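S.K.: no sequence for this one, just the structure:
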Ligand code: PAF
């Protein structure tokens, strides 16, 4: 496994590998790897000749009062995990390498970013699409892998790739969960023991929403109220949003008639956690 921290070296290496006819799978991450990242890597390993993983805590996708400085970082640990999952190249640039003095170009996807986290974290997706488009230019992947836990992010990136005619297949793979259902996230490390126990309620609430839909409930209002009713008794959790949106445009729906994304975001202690399920009536 190689670790590369310069864009110019990465461009040269990818050019050589592509000339040799190698297909490239790409797993973009912000590090502090968990099973979610590793399962994306193992899938990439199955589909492509070599796997590139980027590890870059992207400053421009964090708001002023968010956790950029605190975001967990441990490159040695990540290197070991990446190696064990079969990563061939880690791209590990510095902020100065990605955004040198005078950097001025940003990529923005309209519409899909209006709701959910786009609404509660203004500027977040502009940061994500900017860095991912730079990474796509640098790594030139044939297939890029994202987790459904960040469903809105994955849809926004897929739209960006489509609109900008990027020749990359954006694949979205199922959320990887802890045994008790909590979606894996690097931010789970912020949780105290008590907060970690309470966090289980997020998936329980989503599962009970799923049961309601399967039982024939179509009123979004009632389902959202039921989800909030399960979460609210946990006083350590503050709800940011609970929303039901269609999976095409990510617009809130009042009645469930087709496939929907039931998504939530909450604050627990120092962490802001998100989770979702996709369901059709
Ligand atoms: O999901 C993440 O870890 C990040 O948002 C990503 C896609 C690596 C862009 O910084």
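M.R.: Cool, the structure landed. A quick note: this is a predicted structure, and the numbers were derived from the prediction, not measured.
S.K.: Name the surrounding residues that touch the longest helix anywhere in the chain.
M.R.: Once the chain is assigned using DSSP state H, the helix that runs over the most residues is helix 193-214. Outside helix 193-214, the residues within contact range by CB atoms under 8 Å, 6 or more residues apart in numbering are 177, 180-183, 188, 191, 222-223, 226-227, 230-231, 234, 236-237, 256, 262, 264, 266, 268-269, 271, 273, 275-277, 279, 281. Glycine gets a C-beta too; all of them are placed from N, C-alpha and C.
S.K.: Try it again at 6 Å.
M.R.: 180-182, 223, 227, 230-231, 234, 236-237, 262, 268-269, 275, 277, 279, 281 (CB atoms under 6 Å, 6 or more residues apart in numbering).
S.K.: Check those residues for burial and list the buried ones.
M.R.: 181-182, 223, 227, 230-231, 234, 237, 262, 268-269, 275, 277, 279 (16 or more other CB atoms under 10 Å).
S.K.: What backbone torsions are found at residue 237?
M.R.: phi -100, psi 130 (degrees, to the nearest 10).
S.K.: next one: residue 142
M.R.: According to degrees, to the nearest 10, residue 142 has phi -80, psi -40.
S.K.: what's the pLDDT at the residue lying closest to it once chain neighbours are set aside?
M.R.: Spatial nearest neighbour of residue 142, chain neighbours left out: residue 23 (4.5 Å); criterion: CB to CB, 6 or more residues apart in numbering. Residue 23 carries a pLDDT value of 98.
S.K.: ok, residue 23 - contacts?
M.R.: Neighbours of residue 23 in contact, by CB under 6 Å, 6+ apart: 48-49, 142.
S.K.: so which of those is the most crowded?
M.R.: Neighbour counts for the contacts of residue 23 peak at residue 48, which has 20 neighbours (criterion: other CB atoms under 10 Å).
S.K.: How about the residues of the chain by the ligand?
M.R.: 28-30, 58, 61, 128, 131-132, 150, 153 (CB under 6 Å from any ligand atom).
S.K.: ok, back up a step: from the contacts of residue 23, which single one is nearest residue 72?
M.R.: residue 48 (28.0 Å; CB to CB).
S.K.: Please name the residues that touch the closest one.
M.R.: Residue 48 neighbours (CB under 6 Å, 6+ apart): 23-25, 143.
S.K.: so which of the residues of the chain next to the ligand comes closest to residue 10?
M.R.: Once CB to CB is applied, the member of the residues of the chain next to the ligand that ends up nearest residue 10 is residue 28, at 13.1 Å.
S.K.: quick one on the thing from earlier: need phi/psi at the residue nearest to residue 142.
M.R.: phi -90, psi 150.
S.K.: What sits closest to the residue in the stretch 51-200 of the chain that the ligand sits nearest to if chain neighbours are left out?
M.R.: Closest residue of the stretch 51-200 of the chain to the ligand, CB to the nearest ligand atom: residue 58 (3.9 Å). Distances taken as CB to CB, 6+ apart put residue 131 closest to residue 58, at 4.3 Å, once the chain neighbours are dropped.
S.K.: What of residue 182?
M.R.: residue 199 (5.2 Å).
S.K.: again with residue 146
M.R.: In this structure, residue 146 finds its nearest non-sequential neighbour in residue 154, 4.1 Å apart by CB to CB, 6+ apart.
S.K.: would you say the one you found is within a strand?
M.R.: No: the assignment for residue 154, made by DSSP: H, G, I helix; E, B strand; the rest coil, is helix rather than a strand.
S.K.: May I have the distance across stretch 178-198, first residue to last?
M.R.: Terminal residues of stretch 178-198 are spaced 14 Å apart (CA to CA, to the nearest Å).
S.K.: can you give me the strands in this protein?
M.R.: Here the chain has its strands, by DSSP state E, at 2-4, 24-29, 50-55, 89-91, 143-147, 169-173, 237-246, 260-268, 271-279.
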